[in-house]
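Visitor: Okay, sequence plus prediction incoming.
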Amino acid sequence: LSERLQKAFSGLRRKGKVTEADVRDSMREIRLALLEADVNFGVVKEFVKNVREKAVGTEVLDSLSPAQQIIKIVNDELTATMGDAAVPLNKAPHIPTVIMMAGLQGAGKTTTVGKLAKRLIEQEKARPLLIAADVYRPAAIDQLQVVGEQVGAQVFALGTDVDPREIVRQGLAQAQLQHNDYVLIDTAGRLQIDEKLMTELADIKALAEPNEILLVVDAMTGQAATDVAKGFDERLDITGVVLTKLDGDTRGGAALSIRKVTGKPIKFVGQGEKMEALDVFYPDRMANRILGMGDMLTLIDKAQANFDEQQAAEMADKIKENTFDFNDFLDQMEQMQNMGPMEDIMKMIPGMANNPALKNFKVDPKDIAHMKAIVYSMTPAEREDPDILNPSRRRRLAAGAGRPVVEVNRMIKQFNASKKMMNQMSKGNFQGMEGLMGG
Ligand code: GDP
Ligand code: MG
């Protein structure tokens, strides 16, 4: 995948300037690259569409080439698709926290139980109990016992002729008695999803009431990973995913589509057979890895940070000089949607940085989208001089944005009020902050 994308981008880089046709070309390359990496077809389609919409017409930052700008957009979109931040394990309010594994045979469930136990023992001084509930493969219980010994965790097993539900029931009872803080349930898998397996897992779920159901998926299974994840999630309503075997010649593709198809966070990644080879999943790192452009992205991030600061400073000046118009308002909403919370802009105004009034300052994204639609319907003259917005112009805006006239009126009123208030605040008067932006 990385190679292909690199190729797509190096083509762009040579040209220097990105036209709409370039964007189209690069998107075709990106689509191919993702498909080659076994990302689910539907996910690829949506991903490419998003990126294209964002890429066409974006301003290129001063210090970046258009090609770099597209890399940034692709990277951001990859990160967003995989979820924005690392998601920690769920915890029970009272011990034990019960973690149940699910997944196909060979995915890495037993190995992951060991790795997780090791992690919990080392990081939290935990005393996990590992329950051996895979009774179908004779070696499965031995394997868990070996793993348990390696990491110093107790294993609960009753042999292969006991029903897995009964094993789990008794294992949980023992954990209660021993005050184990974690219970990790190793379950059976099959070569493919079948009814008997699903029923068994659903039964174990019902009786163990796990706080966490981790679906373990082999990253090297590519396209199939998506269907597997979907099947398990539909039946078990999983709470998270562990993507194993990322140390191999792997395709980042599975991470992208599993998250997209199930909406469930990938919590850990397995990067080897050893017990320490389990890492927290970081969407941004995975995106970097898929793109294979770590250094480039760091550079772009820096440029971006400078840009935001510069923009915020300009905005603060305008507020002070009272020349803030609907174009600025739109910029500001765009910034808020992208990354720049309004309070950061406010903090650029001298004396505002530590103002307690900023604490409860929030704007609903849906309202922002509506407000943007209304501003988009304005002519340039109207944006620069809101005073010319008479009733007939307002009706036209309402029709253009598909919003009721009262909403247009309200927004203009809010705009005027905010403008006035921001101007006052910039002069050191912080009263009436609650009314700002209709909050
Ligand atoms: P289970 O059937 O789901 O319990 O899968 P296992 O835990 O038995 O793992 C199947 C095989 O994959 C074993 O040989 C493991 O050592 C190997 N394995 C599991 N996780 C990883 C990983 O992250 N990287 C590599 N390279 N091998 C792994
Ligand atoms: Mg196993």
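Guide: That came through, no problem. In this text the structure is predicted, and so the values were computed from the model without any measurement. Ligands and ions are numbered 1, 2, ... in the order given.
Visitor: Up against ligand 1, what does the protein have?
Guide: 103, 105-111, 189, 216, 244-245, 247-248, 270-273, 277 (Cβ under 6 Å from any ligand atom). Any C-beta I mention is one placed from the backbone N, CA and C, and that applies to glycine too.
Visitor: Just the ones of those in helices?
Guide: 109, 110, 111 (DSSP state H).
Visitor: Which one (most neighbours) among these?
Guide: Most neighbours among those, by other Cβ atoms under 10 Å: residue 109, with 27 neighbours.
Visitor: buried subset of the residues of the chain next to ligand 1?
Guide: 103, 105-111, 189, 216, 244-245, 270-272, 277 (16 or more other Cβ atoms under 10 Å).
Visitor: Which of the residues of the chain next to ligand 1 fall in strands?
Guide: 216, 244, 270 (DSSP state E).
Visitor: pLDDT for these - can I get that in JSON lines?
Guide: Output for those, formatted as JSON lines (pLDDT from 0 to 100):
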{"residue": "216", "pLDDT": "97"}
{"residue": "244", "pLDDT": "95"}
{"residue": "270", "pLDDT": "95"}
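Visitor: before we move on, back to that, out of the buried ones among the residues of the chain next to ligand 1, who's nearest ligand 2?
Guide: residue 110 (3.3 Å; Cβ to the ion).
Visitor: now the helices for the stretch 1-150 of the chain?
Guide: Listed in chain order, the helices of the stretch 1-150 of the chain (DSSP state H, counting those that start in this stretch) span 2-15, 20-36, 41-55, 66-81, 109-124, 138-151.
Visitor: Can you show me the strands along the stretch 251-400 of the chain?
Guide: Assigned strands in the stretch 251-400 of the chain, in chain order: 266-270, 278-280 (criterion: DSSP state E, counting those that start in this stretch).
Visitor: Including distance to residue 370, could those go into TSV?
Guide: Shown next, in TSV, are the strands of the stretch 251-400 of the chain (distance: least, Cβ to Cβ, whole Å):
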stretch	distance to residue 370
strand 266-270	33
strand 278-280	37
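Visitor: so of the ones you listed, which one's packed in deepest?
Guide: strand 266-270 (a mean of 24; mean count of other Cβ atoms under 10 Å).
Visitor: and this structure, what are its domains?
Guide: With domains defined by automatic domain parsing, the chain comprises 2-81, 97-285, 298-438.
Visitor: Tell me which of these sits nearest to residue 89.
Guide: domain 97-285 (5.8 Å; Cβ to Cβ).
Visitor: Please list which of the buried ones among the residues of the chain next to ligand 1 also come close to ligand 2.
Guide: Restricting those to those near ligand 2 by Cβ under 5 Å from the ion leaves 109, 110.
Visitor: Tell me the residues of this protein that contact ligand 2?
Guide: Close to ligand 2, as judged by Cβ under 5 Å from the ion, the chain has residues 109, 110, 140.
Visitor: Just confirm the second one contacts residue 186, I think it does.
Guide: Yes: in this structure residue 110 lies within contact range of residue 186 using Cβ atoms under 8 Å: 5.3 Å.
Visitor: Common neighbours of the two, please.
Guide: 134, 140, 144 (Cβ atoms under 8 Å, 6 or more residues apart in numbering).
Visitor: Dihedrals phi and psi, the first one?
Guide: Comment: the main-chain dihedrals of residue 134 come out as phi -100, psi 100, following degrees, to the nearest 10.
Visitor: Number the residues from 227 up from this point.
Guide: New numbering, starting at 227: the last item is residue 360.
Visitor: per-residue pLDDT, it?
Guide: Listed pLDDT for residue 360 reads 95.
Visitor: Would you enumerate the residues in contact with it?
Guide: 335, 336, 366, 367, 370, 390, 412, 413, 414, 415.
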